[in-house]
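*Asks:* Below are the sequence and a predicted model for it; my questions follow.
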Amino acid sequence: MKREKAGRTLKWSSRLMEEPNWEDPETNVLAFTLRSAGSTQGLATESLNASTKVTGRGVFVAFNCGGEPANVALPVPPVGTTTWWKITDSAMAPPFDNMEVECPSGIPCYAAPYSSVVMEAR
């Protein structure tokens with residue numbers, strides 16, 4: 001599901017960057033990408049290895065409400081940015097929960113059980 005409003009685009013996804021199955025009670029991972037204004041292009045749904053990119057700044061948030069860890073595919077970083085940075089991880093103890101960590105291209109985002117992760121494209 002994709003929504004656009006006031007120059008921003010919000011796209012919901014599952015752990016594999018697919019459209020979430022809103023009817024499946026077994027779904028434990030839900031994510032969204034928020035892209036700022038700067039382009040008329042829509043959000044890419046391909047993995048980091050794809051060549052299609054979007055412009056503007058981006059934030060990616062993943063929620064794992066399940067009792068098992070999950071590897072969540074990251075969207076392609078917006079044009080003008082090169083990589084995703086983990087800026088918040090609720091599974092980590094302070095002060096490491098807000099430690100900025102660069103996430104290498106092509107590597108999925110690790111979401112511990114019952115946690116949320118916030119990434120910023122830079």
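*Replies:* Received the coordinates, thanks.
*Asks:* and residue 102, that one's in a strand?
*Replies:* Yes. Using DSSP: H, G, I helix; E, B strand; the rest coil, the assignment for residue 102 is a strand.
*Asks:* Please give me every residue in contact with it.
*Replies:* Residue 102 sits next to 83-86 when contact means Cβ atoms under 8 Å, 6 or more residues apart in numbering. Using the backbone N, CA and C atoms, a C-beta is placed for each residue, glycine as well.
*Asks:* give me that answer again for 10 Å
*Replies:* Residue 102 makes contacts with 82-86, 122, as judged by Cβ atoms under 10 Å, 6 or more residues apart in numbering.
*Asks:* Tell me how far residue 27 lies from residue 90.
*Replies:* Distance of residue 27 to residue 90, computed by Cβ to Cβ, to the nearest Å: 19 Å.
*Asks:* scratch that, residue 29
*Replies:* Taking Cβ to Cβ as the measure, residue 29 falls 14 Å from residue 90.
*Asks:* shouldn't residue 72 be in contact with residue 109?
*Replies:* Yes. Using Cβ atoms under 10 Å, residue 72 makes contact with residue 109 at a distance of 4.6 Å.
*Asks:* Report the set of residues contacting both of these two.
*Replies:* Residues within reach of residue 72 and of residue 109 at once, by Cβ under 10 Å, 6+ apart, are 15, 31, 60, 62, 64, 117, 119.
*Asks:* Looking at the residues you listed, which one is closest to residue 78?
*Replies:* residue 60 (10.4 Å; Cβ to Cβ).
*Asks:* Which residues does the closest one form beta bridges with?
*Replies:* Beta bridges link residue 60 to residue 33, residue 119 when assigned by DSSP bridges.
*Asks:* Who are the contact partners of it?
*Replies:* Taking Cβ under 10 Å, 6+ apart, one finds 11, 13, 31-35, 72, 74-75, 77, 84-86, 103, 109, 117-121 in contact with residue 60.
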